[in-house]
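Novice: Quick one: sequence and predicted model below, then my questions.
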Amino acid sequence: MLSQALIFSLVIMSISLVGVVFVQKTTRDFLENRLSFLVSFSAGVFLITAGAIGLEVFSVATSPWLGAGLIILGYLLASGIHFVLPETHHHHDKDCHKKHHGAKRLIIGDSLHNAADGVVLITAFGASATLGFAVAVSIIIHEALQEISEFFVLKQAGFSTMKALFINFLSSSTILVGVLIGYYALASETVEMVLLAVSVGFFLHVVIHDLLPKRSHHETSSQFFKHMLWVLLGVILMFSVSTFLSESHNHSESNLTESSLDNEY
């Protein structure tokens with residue numbers, strides 16, 4: 001469990017260097033024009049991941065009301081953090097550097113956000129390898145978008161390319177702190193259930209406030225419809241991946257059971 005979470009944490013940390021692709025103008029222009037669609041795609045991915053974690057919560061909670069209450073608590077907690085530190089989640093559009101001027105606050109907010117990702121990641125792997133992988137994929141996709149927009153902000157604030165990349169990598173390393181905190185917290189099954197439920201609330205908050213396309217942000221209905229299609233694509237792809245992983249996991253367990261029975265006879 002810990003080794004899997006640490007491996008994916010290192011992968012996620014490496015994603016923080018994605019901003020280097022924006023040094024080349026052609027690549028930068030190509031991705032900038034499509035970044036908003038990738039954000040919509042990640043909304044669909046996060047919705048399926050939140051649903052998968054939610055099912056796990058309701059399967060281990062002593063009552064549905066307790067599970068629902070903890071999920072709502074997680075959502076409210078995420079809202080409170082967002083209110084105090086709005087930089088923990090910033091919009092991933094190509095004009096984001098015009099909207100954020102507090103680079104230092106952005107770095108602090110991103111560091112806290114990455115630490116929270118670490119807690120979610122280790123908690124998911126504690127529940128099952130399949131759920132852990134699904135959460136890891138979601139975090140990787142979101143982290144790529146997050147780091148791209150943060151790279152814009154730091155460059156606009158006057159940081160050199162190398163310094164902006166180094167700061168991004170350093171702030172992403174706090175995911176390791178979150179993994180270690182979550183690992184020791186998982187000694188209690190009750191704490192694990194609470195962390196899973198709170199994670200669902202956080203995921204839903206990110207989707208609703210940061211990722212889902214909003215009609216008011218698009219000039220035409222056709223543009224909004226295209227974004228919703230990308231959301232649907234994210235849902236379909238992540239649902240397919242989760243289903244495949246779940247079936248593979250169940251098949252492996254079935255083979256192990258049959259093998260152990262054969263050995264007994």
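Specialist: Good, I have the coordinates. This one's a predicted model, so the numbers in the text were calculated from it and none came from an experiment.

Novice: which stretches of the chain form helices?
Specialist: With DSSP state H, the ranges of helices along the chain come out as 2-15, 25-32, 35-60, 64-84, 103-127, 129-156, 161-172, 174-185, 189-206, 221-264.

Novice: pLDDT averaged over the last one, what's the number?
Specialist: Spelled out, that is helix 221-264. Across helix 221-264, pLDDT averages out at 74.

Novice: again, but for the first one
Specialist: Per-residue pLDDT values over helix 2-15 give a mean of 88.

Novice: quick one: buried residues of that helix?
Specialist: By 16 or more other CB atoms under 10 Å, the buried positions in helix 2-15 come out as 4-6, 8-9, 12-13, 15. (Each C-beta comes from the backbone N, C-alpha and C, glycine too.)

Novice: Show residues contacting that helix.
Specialist: 114, 117-118, 121-122, 125, 129, 132, 136, 139-140, 143-144, 147, 169, 172-173, 175-176, 179, 182-183 (CB atoms under 8 Å, 6 or more residues apart in numbering).

Novice: re the thing from before, worst mean pLDDT among the helices of the chain?
Specialist: Looking at those, the weakest mean confidence is helix 25-32, a mean of 63.

Novice: Neighbours of S160, how many?
Specialist: When neighbours are defined as other CB atoms under 10 Å, S160 has 10 of them.

Novice: What about F159? Give its phi and psi, please.
Specialist: When read as degrees, to the nearest 10, the backbone of F159 gives phi -70, psi 150.

Novice: That should have said S63, apologies.
Specialist: The phi and psi values for S63, taken as degrees, to the nearest 10, are phi -150, psi 150.

Novice: Ok, P213 next?
Specialist: For P213, the backbone dihedrals (degrees, to the nearest 10) come out as phi -70, psi 140.

Novice: State the number of residues packed around it.
Specialist: Applying other CB under 10 Å, we find 20 residues neighbouring P213.

Novice: before we move on, what about S59?
Specialist: 10.

Novice: Now do it against V119, distance only.
Specialist: S59 is 20 Å from V119, where distance means CB to CB, to the nearest Å.

Novice: Kindly report the same for F152.
Specialist: Distance from F152 to V119, by CB to CB: 27 Å.

Novice: swap in V235?
Specialist: Counting by CB to CB, the separation of V235 from V119 is 25 Å.

Novice: between these two, who's got more neighbours?
Specialist: Higher neighbour count among V235 and V119: V119, with 23 against 18, using other CB under 10 Å.

Novice: so how far is stretch 72-79 off the chain centroid?
Specialist: Computed by CA atoms, centre = their mean, to the nearest Å, the separation of stretch 72-79 from the middle of its chain amounts to 16 Å.

Novice: May I see the buried residues of it?
Specialist: Under 16+ other CB under 10 Å, the buried positions of stretch 72-79 are 74-75, 78.

Novice: Check stretch 42-62 too.
Specialist: In stretch 42-62, counting by 16+ other CB under 10 Å, buried: 42-54, 56-58, 61.

Novice: How about stretch 117-134?
Specialist: Going by neighbour count (16+ other CB under 10 Å), the buried part of stretch 117-134 is 117-128, 130-134.

Novice: How far does that stretch sit from its chain's centre?
Specialist: With CA atoms, centre = their mean, you get 11 Å for stretch 117-134.

Novice: residues in contact with that stretch?
Specialist: Contacts of stretch 117-134 (CB under 8 Å, 6+ apart): 1-2, 4-5, 8-9, 12, 48-49, 52-53, 56, 135-136, 139, 143, 174-183, 185-186, 192, 195-196, 199, 202-203, 238, 241-242, 245-246, 249.

Novice: Can I get that stretch in PDB, CA atoms only?
Specialist: The C-alpha coordinates for stretch 117-134 follow below in PDB (Å, rounded to 0.1, in the frame of the first residue of the first chain):
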ATOM      1  CA  ASP A 117      -3.700  14.800  -2.500                       C
ATOM      2  CA  GLY A 118      -1.200  12.600  -0.700                       C
ATOM      3  CA  VAL A 119      -3.700  11.900   2.100                       C
ATOM      4  CA  VAL A 120      -6.400  11.000  -0.400                       C
ATOM      5  CA  LEU A 121      -4.000   8.800  -2.400                       C
ATOM      6  CA  ILE A 122      -2.800   6.700   0.500                       C
ATOM      7  CA  THR A 123      -6.300   6.400   1.900                       C
ATOM      8  CA  ALA A 124      -7.600   5.100  -1.500                       C
ATOM      9  CA  PHE A 125      -4.800   2.500  -1.700                       C
ATOM     10  CA  GLY A 126      -5.600   1.500   1.800                       C
ATOM     11  CA  ALA A 127      -9.200   0.700   0.700                       C
ATOM     12  CA  SER A 128      -8.100  -1.200  -2.500                       C
ATOM     13  CA  ALA A 129      -5.500  -1.200  -5.200                       C
ATOM     14  CA  THR A 130      -8.100  -0.600  -7.800                       C
ATOM     15  CA  LEU A 131      -9.500   2.500  -6.000                       C
ATOM     16  CA  GLY A 132      -6.000   3.700  -5.400                       C
ATOM     17  CA  PHE A 133      -5.100   3.500  -9.100                       C
ATOM     18  CA  ALA A 134      -8.300   5.400 -10.100                       C
END
